[in-house]
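Student: Sequence first, predicted model second:
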Amino acid sequence: MIEPSSLADAILEIPASEMQHFFDDLILTYNSLNDLLKDQGILRGRELAELNTRAAQAVKAARSPMEKLLVLNTYLRQQIGHVRRAMQARPPTTPTDQGVIRQAITKIGLRALAIVEHVKIIAEGKKEVAFNSAQTRDFLAGREGKAPSRRDTIRALRRAEKLCPALLCGHAPGDGRQTMRLTGRADDLRHSDIIKDDRDQAQGQRSRMEEIKVIFFKEGVRHAGF
């Protein structure tokens, strides 16, 4: 957090071009927050239009450049206030919250996609390919820095089977430990596309908290009508 500092005794001479540049940057910030409010459904339609109209009229009515900056900054704080209240209105996250479950499923889905692509690579030049759970754990450990649990490894293998019709997930024959593995024909793998899982598409969305990131600079001054 930046602490306020006193400029009361300073005498500043600021070129009009620099003042205009700062004003334009503030408008870009306002427009970025405006997009955020709209995209996240915090303010939409008439309510958002009325906010923009009030802000534009107030800035245009200001008589001096400094007054314009102060007025625009006031409306920036209003936008931030809307974002803060929307975030505070969200229910607290708990270990059993659905959001946590969605993230876990998404992680399994991402692992499954990586496994399918890896199996396709190691199948090159072969007639058939087999990839067991021990190999899968080593592969994922190399990608993530830590091996997943046996349960999560098997979940990823089963999801990989659903994503790629050419792969079959089952127990290795004659293995008393009942090791799970993926098997498939290399030729089938070359002509098999990954099936898009609707659950991954919906649950792979980043959480709303992660999406609420303010982008301060965009090309062009737009939306607000200043």
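Tutor: Cool, the structure landed. Just so we're clear, the structure is a prediction, and the values are computed from it rather than from any experiment. Numbers count the residues shown, from 1 in each chain.
Student: Domain map for this structure?
Tutor: The record's domain parsing of the chain by automatic domain parsing lists 16-89, 98-195.
Student: ranking those domains by burial, who's on top?
Tutor: domain 98-195 (a mean of 16; mean count of other CB atoms under 10 Å). Placement of C-beta: from N, CA and C, glycine included.
Student: Quick one: mean pLDDT over that domain.
Tutor: Across domain 98-195, the average pLDDT comes to 84.
Student: Stretch 30-43 too?
Tutor: Rounded mean pLDDT across stretch 30-43 is 83.
Student: Phe139 against Val116, yeah?
Tutor: No. Contact criterion CB atoms under 8 Å: Phe139 and Val116 do not qualify, at 11.6 Å.
Student: Please enumerate the strands of this structure.
Tutor: Under the criterion DSSP state E, the chain carries strands at the ranges 128-132, 168-171, 180-185.
Student: in its sheet, what does the longest one sit against?
Tutor: Spelled out, it's strand 180-185. Strand 180-185 pairs in its sheet with strand 128-132 (antiparallel), strand 168-171 (antiparallel), by DSSP bridges.
Student: Residues touching the longest one, excluding its own?
Tutor: It stands for strand 128-132. 115, 118-119, 122-123, 172, 179-186, 189 (CB atoms under 8 Å, 6 or more residues apart in numbering).
Student: can you check stretch 173-192 too?
Tutor: 115, 119-120, 123-134, 136, 153-154, 157, 160-161, 164-172.
Student: same check, this time on stretch 78-89
Tutor: Under CB under 8 Å, 6+ apart, the answer for stretch 78-89 is Tyr30, Leu33, Asn34, Leu36, Leu37, Gln40, Ile42, Leu43, Leu51, Met209, Ile212.
Student: Including distance to Pro15, could the strands paired with strand 180-185 go into CSV?
Tutor: Formatted as CSV, the strands paired with strand 180-185 follow (distance: least, CB to CB, whole Å):
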stretch, distance to Pro15
strand 128-132, 66
strand 168-171, 69
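Student: quick one: Pro65 and Gln20, what's the gap?
Tutor: 8 Å (CB to CB, to the nearest Å).
Student: try Glu128
Tutor: To Gln20, Glu128 is 69 Å away according to CB to CB.
Student: ok, now Gly81?
Tutor: 27 Å.
Student: Could you do Ile154 as well?
Tutor: As defined by CB to CB, Ile154 lies at a distance of 62 Å from Gln20.
Student: And Ala134, by the same measure?
Tutor: 65 Å.
Student: on that earlier part again, can you lay out the strands of the chain as TSV showing distance to Glu144?
Tutor: Putting the strands of the chain into TSV (distance: least, CB to CB, whole Å) gives the following:
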stretch	distance to Glu144
strand 128-132	17
strand 168-171	21
strand 180-185	19
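Student: from memory Tyr30 sits against Arg77, does it?
Tutor: No. Using CB under 8 Å, Tyr30 is not in contact with Arg77; the gap is 10.8 Å.
Student: Let's have the contacts of stretch 78-89 in a markdown table, adding distance to Met87.
Tutor: Converted to a markdown table, the contacts of stretch 78-89 look like this (distance: CB to CB, whole Å):
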| residue | distance to Met87 |
| --- | --- |
| Tyr30 | 19 |
| Leu33 | 14 |
| Asn34 | 17 |
| Leu36 | 11 |
| Leu37 | 12 |
| Gln40 | 10 |
| Ile42 | 9 |
| Leu43 | 14 |
| Leu51 | 18 |
| Met209 | 7 |
| Ile212 | 7 |
